[in-house]
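1. How does the following fold in three dimensions:
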Amino acid sequence: MSKQEVRNPYVVGGWVSGPNFYGHLELRRNLLKGVNDYLWVIGTRRVGKTSLLRQLAIEAGSEYAPVYWDLQGCSSEADLNAELYYAVEDERERFADLDVAVETLKGADTRELLREICRAAEAHNVRVLLLVDEPEALIPIAEQDAPAVQRLRAALQRPSNLRVVLSSTKSMARMNDVCRDWLTSSFLHGFAPYYLDGLNPAESAALIRQSQSEKPVDAADEVVAAIQEYTSNHPYLLQWLCYRLYQDDHSLRMPTENDLAPDSMLEALFEHTYAHLSPTEQKILLHLLEADIGDAAGLAKALETVESEVHRYLYALNRLGYTRQADDGRQVLIGNRFFEQWLHSHADELAQAEAEVSDDSAREVATLSRAEEERYWTQQLQNYRTNLARLETEASTYGVYPPAHLQHEIEFHKDKIRELEQRLDALHE
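-> Just a heads-up that it's a prediction; the model follows:
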């Protein structure tokens, strides 16, 4: 076996795209094809936010001219202008096809630049897909120069052929606090929030086995199940643990408790992850840690609040992977074994930690996201019900014995309807 063939295929730390990107198909489809043009993807550190944006740029197709705009390191309006120009310059070949001479835009501010590329794209019946990474950089800019961020918001709202996808941690919710005294709308007003959570079991199994690569990794079913149990299908933890478990024969060994020991990267990850919570969310985690297990009623009593408020917090915590539901669907657990172990080892200092996000902002984002998710799944449910009615009408024309493929389609739609009804029921708890 050659040296190339035994190279460890798992990527820890960098962004991935193409065949190295796994999962979130429904989210990707909605971000590109959904009814909203202003979208905010919220995820924890290392969950794959940058990778998602990079993958969207690949999948955008001829309908879009994608622009990946990284705001990391921006501290002024001038920085924003420069970075947007560099982002457009990176796509100069695509914009040349739209008759845009990118070099003529150097020195233009964000409003001028967006106006010019959107006008040029519109003339070719193309939309601009603005993929904004690390938008948290806008918060200190807004604190020091509110008009600059207000101008940016206005520039994003003007073009009719512009779709904007923000990708950030939950700390971006602080922008709502910064904007409360504005006479104009908050920067995030109108952005539909979506959570970037863990992979589903099939997606995580595909990542573990590297099923999209030319040479998939050999991983026994019990090994896959153990990895999923340890990581709760968090993409970064999956990559991190599989990297450790990889063997020279292109297989994965069974994980052990010793493999749970975090390195400095995981320590930093969990520290940032915890800091992005609101005060009440932090209290929920610490209560679960002390009690090992709990439910909404017990949490409401411990926090001296009503159960409906706890459900609102738990919705966001579950969607972001901070917590998870036990198999009985009622009990609440810490999100994964790695995070739980880190919380235990730092419990005393975490009880004194300051929160970056206010409870008001946390509740506001959770409410908006829950409403958006309900709207989306309700529309999907209606689509499946409409299609099922059409299929059953078609099947009735065959009498007692409709074709097998038609029967399979009908059963598939019934299964999807049950699944969507369960999703909606869970949102209403």
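2. Look up the closest residue to the residue nearest the centre of the chain, ignoring the ones flanking it.
-> The chain has Leu196 as the residue nearest its centroid, 1.8 Å off, counting by Cα atoms, centre = their mean. If the residues on either side of it in the chain are set aside, Leu196 comes closest to Gly43, at 3.4 Å by Cβ to Cβ, 6 or more residues apart in numbering. No exception for glycine: its C-beta is placed from N, CA and C like everyone else's.
3. Enumerate every residue touching that neighbour.
-> 49, 52, 167-169, 195-197, 320 (Cβ atoms under 8 Å, 6 or more residues apart in numbering).
4. at 7 Å instead, please
-> Gly43 is in contact with 49, 169, 195-196, 320, counting by Cβ atoms under 7 Å, 6 or more residues apart in numbering.
5. picking that back up, tell me the pLDDT of the residue nearest to the centre of the chain.
-> Note for Leu196: predicted pLDDT of 93.
6. returning to what we had before: so which of the contacts of Gly43 is the closest to Leu285?
-> Set against Leu285, the nearest of those by Cβ to Cβ is Leu320 (11.6 Å).
7. now the closest one: how far from Leu114?
-> 31 Å (Cβ to Cβ, to the nearest Å).
8. Domain map for this protein?
-> What automatic domain parsing lists as the domains of the chain is 24-195, 199-260, 264-357, 362-427.
9. quick check, distance from the last one to the centre of its chain.
-> What that stands for is domain 362-427. How far domain 362-427 lies from its chain's middle: 24 Å, per Cα atoms, centre = their mean, to the nearest Å.
10. Could you tell me the average pLDDT over it, please?
-> On average, the pLDDT along domain 362-427 is 87.
11. thinking again about what came up before, just put the domains of the chain in JSON lines and tack on distance to Gly13.
-> Shown next, in JSON lines, are the domains of the chain (distance: least, Cβ to Cβ, whole Å):
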{"stretch": "domain 24-195", "distance to Gly13": "8"}
{"stretch": "domain 199-260", "distance to Gly13": "9"}
{"stretch": "domain 264-357", "distance to Gly13": "7"}
{"stretch": "domain 362-427", "distance to Gly13": "28"}
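12. Which of those sits closest to Gly14?
-> By Cβ to Cβ (comparing all of these), the closest turns out to be domain 24-195, at 8.7 Å.
13. The stretch 1-150 of the chain: helices as residue ranges?
-> Secondary structure of the stretch 1-150 of the chain by DSSP state H, counting those that start in this stretch: the helices cover 25-33, 49-59, 77-90, 92-96, 110-123, 138-144, 146-157.
14. Parallel or antiparallel, which strands does the helix or strand just after the last one pair with?
-> Of the helices and strands lying after helix 146-157 in sequence (DSSP states H and E), the nearest is strand 162-168. Taking DSSP bridges as the criterion, strand 162-168 sits next to strand 38-42 (parallel), strand 127-133 (parallel) in its sheet.
15. just checking, Gln105 touches Ala87?
-> No, residue 105 isn't Gln; it's Leu. No. In this structure, Leu105 is not within contact of Ala87 by Cβ atoms under 7 Å, at 11.2 Å.
16. Neighbour count: these two, which is higher?
-> In terms of neighbours (other Cβ atoms under 10 Å), Ala87 is the more surrounded of Leu105 and Ala87; the figures are 20 against 17.
17. and the more buried one, what pLDDT?
-> Confidence at Ala87, expressed as pLDDT, is 97.
18. Now for it: which residues touch it?
-> Applying Cβ under 7 Å, 6+ apart, we find Ala87 in contact with 67-69.
19. which one of those is nearest Glu122?
-> The closest of the contacts of Ala87, once distances to Glu122 are taken by Cβ to Cβ, is Val67, at 14.8 Å.
20. State the distance from the closest one to Leu188.
-> 20 Å.
21. just Glu421 next, same as before
-> Here Glu421 is placed at a distance of 31 Å from Leu188 (Cβ to Cβ).
22. and if you look at Ser211?
-> For Ser211, the distance to Leu188 (Cβ to Cβ) stands at 37 Å.
23. Also His234?
-> Using Cβ to Cβ, His234 is found at 25 Å from Leu188.
24. Kindly report the same for Leu71.
-> Leu71 is 14 Å from Leu188, by Cβ to Cβ.
25. contacting residues for Gly321?
-> Contact partners of Gly321, counting by Cβ under 7 Å, 6+ apart, are 44, 197-198, 232, 234, 335.
26. Mind jotting down where the helices sit in the stretch 251-400 of the chain?
-> 264-275, 279-291, 296-303, 307-319, 337-345, 347-350, 359-396.
27. Mind listing what's buried along the fourth one?
-> Buried residues in helix 307-319, defined by neighbour count with 16 or more other Cβ atoms under 10 Å: 309-319.
28. quick one: which of those is nearest Ala347?
-> Nearest member of the buried residues of helix 307-319 to Ala347, counting by Cβ to Cβ, is Leu317, at 17.5 Å.
29. was I right about the closest one contacting Lys283?
-> No. Applying Cβ under 7 Å as the test, Leu317 and Lys283 come out as separate, 11.4 Å apart.
30. Below-threshold pLDDT in the stretch 251-400 of the chain: ranges please.
-> Under the criterion pLDDT under 70, the flagged ranges of the stretch 251-400 of the chain are 292-293.
31. do that again at 50, thanks
-> Counting by pLDDT under 50, the stretch 251-400 of the chain has no low-confidence residues at all.
32. now do the stretch 1-150 of the chain
-> Low-confidence segments of the stretch 1-150 of the chain, defined by pLDDT under 50, are located at 1-4.
33. Go again with 70.
-> The low-confidence ranges in the stretch 1-150 of the chain, as defined by pLDDT under 70, are 1-6.
34. quick one, what contacts Asp295?
-> Contacts of Asp295 (Cβ under 7 Å, 6+ apart): 330-332.
35. Give me the buried entries from the residues you listed.
-> Buried among these (16+ other Cβ under 10 Å): 331-332.
36. Let me know the closest of the contacts of Asp295 to Met254.
-> The closest of the contacts of Asp295 to Met254 turns out to be Gln331 (Cβ to Cβ; 27.1 Å).
37. Ramachandran coordinates for that closest one?
-> Dihedral pair for Gln331: phi -80, psi 150, per degrees, to the nearest 10.
38. State the distance from Leu343 to Leu113.
-> Taking Cβ to Cβ as the measure, Leu343 falls 45 Å from Leu113.
39. swap that for Arg370, sorry
-> In terms of Cβ to Cβ, Arg370 sits 35 Å off from Leu113.
40. now Ala148
-> In terms of Cβ to Cβ, Ala148 sits 15 Å off from Leu113.
41. How about Leu266?
-> Distance from Leu266 to Leu113, counting by Cβ to Cβ: 39 Å.
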